[in-house]
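Q: Coordinates for the following, if possible.
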Amino acid sequence: CTELRGSSSASEGVFYNCKELQSVNIPSTLATIGRGAFYGCDNLTTITGDLSSITTINSYAFAGDTKLTGDLIFPSLKTLPYLTFTRTAIRSFSAQSLESIISSNSNSENAFYNCKELQSVDLPSVVNIGRSAFNGCTSLKEVFAPIVQEISAVAFYGCTSLSDFSLPVSLASIGSEAFYNCTSLGIEELDLPNLTSLGSNAFVNVPIKKISNLGGITSFPNGIVNKSTTTSVTIPTGVTSLANSWLSGYSVLEEVYGSHLTTIGYSAFYNCTSLKRVDFSSVTSLQVNTFYNCTNLISLPEFERVTFVGVECFSKATSIKEFSAPILQTIDHHAFSGCSSLERINIPMVTTINYNAFYGCSNLTGDLVLNEVQTIGQEAFNGANIKSLVCEKLSAIYPVAFKNNESLSIVKLPAITVIDHTVFSGCIKLATIHLGESITSINYNAFYGCVSIRNIVILNETPPSLGSSAFSNTNNTFLIYVHYRLKSMKNKEKNY
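A: Down below sits the predicted model:
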């Protein structure tokens, strides 16, 4: 039972379970190999003869023939259904005319499933690689499929030796876990402009360096950005939001581009310590911990639409030098705390700056003009070094807000009602203070240690109450300009 002399087909199950069969000589007349024709031929090792006329191989044809080896070339084969060469030991497979490797979605063992000796496949005409087609082919190194359009779920799952497979621009669909754990498949740049579908965990543990184009996909699934190798990501235009903690802790990521994004979840880039550049110019808010501890983040876009910056959003992002958000209204607490390189901020419409917002921003210098701000929280600018402060609508300023701003020389607060304790303590260059007609109270230690004070303007007809040591340890002599109707100003401070 070793020859098919003169036959045009090997009928279904013709050599089923033929344990003695060791080799098969294929005649040039053979066009079809039937379903299960050589199924269970445990000792079949070689296929010889002329394979050029074979156009059809049906399912289970050589399935389970674990000793079948060699290099198989089928120039005329058109389709390859499920379970054809499953668990065989063939070394290579070539089918120049093959267009589709068909899978059974109900069966996890498909065409070349667990062919552990398979090293290369040549599929120049294939457009569809079915589910689990090469699953478990741990020796597979080379795949040539230059026009493939669809790679189904788990198609190359666990192909740990796969190193040579250039994913073509024709790819439109990649199923879930398609390349799961293909740890040798080093992809320098993932550029798939025609992609419309990408399943979850498709590239888990695949060392991708740059993701530049994922076509028209509308969601960014898990398992595509490699935590150890991916340095650059461009978000597809169909994706408008990023999930909470999306790439949190991805320590080698350097740049992310997505100027069309409208929403970024909290902690999305938390602790991405290598992140240098981002472009999210269309987002409307920046959430809690979004860029926390991104210590190398340097380049930010102008956030033209952002109205809110959340808690610790940029905290400890120690390389940021400039931040601009022209319609920003609220900055939550610790949003920029520890941004020690921050030099310039453009936030002209901000109304609320919560506590510790810019704490420790020691390089924040220049003139701070915040004409819409109404509230500045406790220690908001403690340790900064701004030169002048102008806030036309500021009514509430909380304790220690500008303590130890050693470059601050001018303060103009025409709408302020209360200056809380220790607000300007330690501002050693503060020389001129303008307070409007609403000022009612200057609390204890408010200007303690401001040794350079020369002039204070108070426009209220009623003198503000002064807390203990409000002006202690200041210049012994300075001028106070008061409203012309103010007849007396009594306080317990020394020397005036």
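Q: Identify the residues contacting the residue nearest the centre of the chain.
A: The structure's the chain has its C-alpha centroid closest to residue 247; by CA atoms, centre = their mean the separation is 4.5 Å. Going by CB atoms under 8 Å, 6 or more residues apart in numbering, residue 247 touches 225, 233, 253, 256, 268, 269, 272. Where you see a C-beta, it was placed from the backbone N, CA and C, and this is true even at glycine.
Q: Give me the buried subset of the residues you listed.
A: Listed as buried from those are 225, 233, 253, 256, 268, 269, 272; burial here means 16 or more other CB atoms under 10 Å.
Q: Pick the one among the contacts of residue 247 closest to residue 109.
A: Using CB to CB, residue 225 comes nearest to residue 109 of the contacts of residue 247, at 30.6 Å.
Q: So which residues of the stretch 101-250 of the chain form strands?
A: For the stretch 101-250 of the chain, the strands defined by DSSP state E, counting those that start in this stretch occupy 120-122, 128-129, 142-144, 150-151, 173-174, 187-191, 197-198, 208-213, 232-234, 241-242.
Q: before we move on, back to that, I'd like the buried ones among the contacts of residue 247 as CSV, with distance to residue 218, secondary structure and pLDDT appended.
A: Compiled in CSV, these are given as follows (distance: CB to CB, whole Å; DSSP: H, G, I helix; E, B strand; the rest coil; pLDDT from 0 to 100):
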residue, distance to residue 218, secondary structure, pLDDT
225, 17, coil, 94
233, 16, strand, 97
253, 22, coil, 97
256, 18, strand, 97
268, 18, coil, 96
269, 21, coil, 97
272, 24, coil, 97
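Q: for the stretch 201-350 of the chain, which spans come out with low pLDDT?
A: Counting by pLDDT under 70, not a single residue of the stretch 201-350 of the chain qualifies.
Q: 90 instead?
A: 220-223 (pLDDT under 90).
Q: hang on, the earlier thing: relative to residue 110, which of the buried ones among the contacts of residue 247 is nearest.
A: Nearest to residue 110 among these, counting by CB to CB, is residue 225 at 28.3 Å.
Q: And the closest one, how far from residue 166?
A: 20 Å (CB to CB, to the nearest Å).
Q: now swap in residue 155 and tell me
A: Residue 155 sits 16 Å away from residue 166, going by CB to CB.
Q: Quick check on these two: which one has the bigger neighbour count.
A: A count of neighbours by other CB atoms under 10 Å puts residue 155 above the other of residue 155 and residue 166, at 29 against 10.
Q: The more buried one against residue 129, yeah?
A: Yes. Here residue 155 lies in contact with residue 129, judged by CB atoms under 8 Å, at a distance of 5.1 Å.
Q: ok, now which ones touch residue 343?
A: Residue 343 neighbours (CB under 8 Å, 6+ apart): 321, 322, 363, 364, 365, 366.
Q: Make JSON lines from those residues and add distance to residue 196, secondary structure and neighbour count to it.
A: Shown next, in JSON lines, are those (distance: CB to CB, whole Å; DSSP: H, G, I helix; E, B strand; the rest coil; neighbours: other CB atoms under 10 Å):
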{"residue": "321", "distance to residue 196": "40", "secondary structure": "coil", "neighbour count": "13"}
{"residue": "322", "distance to residue 196": "38", "secondary structure": "strand", "neighbour count": "14"}
{"residue": "363", "distance to residue 196": "47", "secondary structure": "coil", "neighbour count": "13"}
{"residue": "364", "distance to residue 196": "46", "secondary structure": "coil", "neighbour count": "24"}
{"residue": "365", "distance to residue 196": "50", "secondary structure": "coil", "neighbour count": "17"}
{"residue": "366", "distance to residue 196": "49", "secondary structure": "coil", "neighbour count": "13"}
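Q: mind giving me TSV with those and columns for distance to residue 433?
A: Listed next are those as TSV, based on distance: CB to CB, whole Å:
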residue	distance to residue 433
321	30
322	29
363	24
364	20
365	20
366	19
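Q: Which member of those is positioned nearest residue 159?
A: residue 321 (45.6 Å).
Q: For residue 302, see how far away that closest one is.
A: For residue 321, the distance to residue 302 equals 14 Å [CB to CB].
Q: what's the burial count for residue 259?
A: Using other CB under 10 Å, residue 259 has 14 other residues around it.
Q: Quick one: residues contacting it.
A: 279, 280, 281, 282, 301.
Q: among the residues you listed, which are in strands?
A: residue 279 (DSSP state E).
Q: Quick check: residue 170 touching residue 194?
A: Yes. Contact criterion CB under 8 Å: residue 170 and residue 194 qualify, at 6.3 Å.
Q: Please identify every residue contacting each of these two.
A: In contact with both residue 170 and residue 194: residue 149, using CB under 8 Å, 6+ apart.
Q: can you give me the strands for the stretch 301-450 of the chain?
A: 308-309, 322-324, 330-331, 344-346, 352-353, 367-369, 375-376, 388-390, 396-397, 410-413, 418-419, 432-435, 441-442.
Q: can you put the ones you listed in a markdown table and add distance to residue 461?
A: Below are these laid out as a markdown table (distance: least, CB to CB, whole Å):
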| stretch | distance to residue 461 |
| --- | --- |
| strand 308-309 | 39 |
| strand 322-324 | 40 |
| strand 330-331 | 34 |
| strand 344-346 | 36 |
| strand 352-353 | 30 |
| strand 367-369 | 27 |
| strand 375-376 | 25 |
| strand 388-390 | 23 |
| strand 396-397 | 21 |
| strand 410-413 | 17 |
| strand 418-419 | 17 |
| strand 432-435 | 13 |
| strand 441-442 | 15 |
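Q: give me every residue that touches residue 36.
A: When contacts are counted by CB under 8 Å, 6+ apart, residue 36 touches 12, 13, 16, 58, 59, 60, 61, 63.
Q: which of the residues you listed count as buried?
A: 13, 58, 59, 60, 61, 63.
Q: Where is pLDDT lowest across these?
A: Of all these, residue 13 has the smallest pLDDT value, namely 83.
Q: Secondary structure element holding the closest residue to that residue other than its chain neighbours?
A: Of all residues not flanking residue 13 in the chain, residue 36 sits nearest, at 4.7 Å (CB to CB, 6 or more residues apart in numbering). Per DSSP states H and E, residue 36 falls between elements, in no helix or strand.
Q: where's residue 36 relative to residue 471, distance?
A: Taking CB to CB, one finds residue 36 at 99 Å from residue 471.
Q: what's the answer for residue 359, then?
A: Taking CB to CB, one finds residue 359 at 25 Å from residue 471.
Q: do residue 457 as well
A: 15 Å.
Q: And the two? Which one has more around it.
A: residue 471 (23 against 16).
Q: That'll do, ta.
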